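Asker: Take a look and give me a structure for this.
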Amino acid sequence: AVARQLAAAGMRVVLGARRGERLERVADEIRRAGGVDEPVVTDMRNEAEVERLIGTAIECHGQLDALVNNAAVSRRAYIMDLTEDDWERIMRVNAKGVFFCLQRVAREMIPRRRGVIVNIASIAGKGYAGTIKRHNFKRGPVSHGSHNVRGPGSIGAAAYPARVMKGVRMSGHMGSDRVT
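Answerer: Numbers count the residues shown, from 1 in each chain. Predicted coordinates:
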């Protein structure tokens with residue numbers, strides 16, 4: 001939904017996701033609506049694939065002005081039923097994947113001293129009752145680790161629960177573009 005809204009607002013969008021068929025469906029929707037989109041099949045657990053995703057964005061559009069970090073996985077299970085493999089998979093995507101994207105994008109934004117980074121998080125990261133099962137493995141570190149982070153110049157990072165993304169102002173190079 002965020003990519004569709006950003007494209008509808010006139011932003012050039014590069015999508016990265018693990019499932020190619022689903023990725024292509026969203027890309028087609030954006031193109032049919034008149035938006036510019038470049039889909040790149042990307043496994044966020046793999047630093048080289050994240051590098052390729054960001055490189056594609058820069059190659060296609062000259063620079064990168066914003067990152068919306070929204071990849072996450074979970075396994076619905078009681079904590080006692082999670083295996084070490086489950087935990088490893090969750091942490092590779094939900095923590096390391098976020099880190100790989102942030103680090104790579106920061107390399108582009110810091111020299112220009114501008115850009116916007118939005119980390120989509122769940123209210124589960126704040127520990128609200130009834131939300132523990134699904135998203136805490138990413139959302140806690142992302143929510144707490146990104147709050148009020150500022151980079152040099154006009155680089156800002158923030159974590160937003162997905163349901164409050166509506167109305168968030170994207171600042172920096174993009175001026176008053178708005179996610180609605």
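
Asker: Assign a three-state SS to Glu38, would you?
Answerer: Look at Glu38: counting by DSSP: H, G, I helix; E, B strand; the rest coil, its state is strand.

Asker: what's around it, how many residues?
Answerer: Look at Glu38: counted by other Cβ atoms under 10 Å, it has 17 neighbours. Quick note: C-beta positions are derived from backbone N, CA and C, even for glycine.

Asker: which element is the closest residue to it other than its chain neighbours on?
Answerer: Spatial nearest neighbour of Glu38, excluding adjacent residues (Cβ to Cβ, 6 or more residues apart in numbering): Val14 at 4.5 Å. Using DSSP states H and E, Val14 sits within strand 13-17.

Asker: Dump that strand to CSV, keeping only the CA atoms.
Answerer: Taking C-alpha atoms only, strand 13-17 is exported to CSV below (Å, rounded to 0.1, in the frame of the first residue of the first chain):
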residue,chain,number,x,y,z
VAL,A,13,9.4,3.7,-6.8
VAL,A,14,11.8,0.7,-6.7
LEU,A,15,10.3,-2.3,-5.0
GLY,A,16,12.2,-5.1,-3.4
ALA,A,17,10.6,-8.3,-2.2
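
Asker: Counting by contacts, list what that strand packs against.
Answerer: helix 2-8, helix 20-32, strand 37-41, helix 47-61 (3 or more Cβ pairs under 8 Å, 6 or more residues apart in numbering; DSSP states H and E).

Asker: and the first one, which residues are buried?
Answerer: Within helix 2-8, the residues that count as buried by 16 or more other Cβ atoms under 10 Å are Val2, Ala3, Gln5, Leu6, Ala7.

Asker: repeat for the last one
Answerer: Buried residues in helix 47-61, counting neighbours by 16+ other Cβ under 10 Å, are found at Glu47, Glu49, Val50, Arg52, Leu53, Ile54, Thr56, Ala57.

Asker: Where does the prediction get shaky in this structure?
Answerer: In the prediction, the chain carries residues with pLDDT under 70 at positions 123-180.

Asker: who's in contact with Arg22?
Answerer: Contacts for Arg22 (Cβ atoms under 8 Å, 6 or more residues apart in numbering) come out as none.

Asker: With that, I have no additional questions.
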